[in-house]
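S.K.: structure here, sequence nowhere to be found:
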């Protein structure tokens, strides 16, 4: 039985100095355009360390096909060095439940360029969730992500 995806969740912070629409646009640039109408946007108002307003957006896309096409789009948009590094270190991006985690540069994404980001500032965090129809080993899950992310 193949690995099936339940959803992909993009989490991004919007600071008081940022335009909410531009922050959402940065995330949408990582999602195939034909899925934009089916995303769910959750918005939570937070307060920063110095009492500055921060908005946390969770932009969620559900369904196996949507997750697969979105991951494929992101991966194909990375430069070849980032693609190679991601494949070589794939296991470190996946937890025991099979969720895949990645950080993408928010500012670059707004400009239409997918680039990984390894620090914690100004990122779009993404997390995939697998459907729990059948328990799978981490080896099976890694193999599926590897197949999915292989350039075709």
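M.R.: That came in fine, so what should we check first? The model shown is predicted, which means the values in this text are computed figures rather than measured ones. Residues are numbered from 1 along each chain as shown.
S.K.: when you work out contacts or count neighbours from here on, use the C-alpha atoms and nothing else.
M.R.: Noted.
S.K.: for the most centrally placed residue in the chain, helix, strand, or coil?
M.R.: Closest to where the C-alpha atoms of the chain average out (CA atoms, centre = their mean) is residue 126, at 2.8 Å. Judged by DSSP: H, G, I helix; E, B strand; the rest coil, the three-state class of residue 126 is strand.
S.K.: need the contact list for it.
M.R.: Each residue near residue 126 by CA atoms under 8 Å, 6 or more residues apart in numbering is listed here: 8, 9, 10, 11, 100, 101, 102, 103, 104.
S.K.: how about low-confidence regions in this protein?
M.R.: In the predicted model of the chain, residues 1, 151-152 satisfy pLDDT under 70.
S.K.: which parts of it are helices?
M.R.: 20-28, 64-77, 80-88, 106-110, 138-149 (DSSP state H).
S.K.: ok, and what's touching the last one?
M.R.: Helix 138-149 is contacted by residues 2-3, 68, 71-72, 75, 87, 90-91, 94, 96-98 when judged by CA under 8 Å, 6+ apart.
S.K.: ok, the first one next?
M.R.: Residues lying outside helix 20-28 but in contact with it, judged by CA under 8 Å, 6+ apart, are 10, 12, 14, 36, 59, 106, 107, 109, 110, 111, 112, 124.
S.K.: quick one on the thing from earlier: what subset of the contacts of helix 138-149 is buried?
M.R.: Among the contacts of helix 138-149, those scoring as buried are 3, 68, 71, 72, 75, 87, 90, 91, 94, 98 (criterion: 16 or more other CA atoms under 10 Å).
S.K.: show me which of those residues is closest to residue 133.
M.R.: Using CA to CA, residue 3 comes nearest to residue 133 of those, at 9.2 Å.
S.K.: hmm, residue 129 and the closest one touching each other?
M.R.: No. The pair residue 3 / residue 129 is not scored as a contact, 10.6 Å apart, by CA atoms under 8 Å.
S.K.: buried residues in stretch 35-51?
M.R.: The neighbour-count check on stretch 35-51 (16+ other CA under 10 Å) flags residue 39 as buried.
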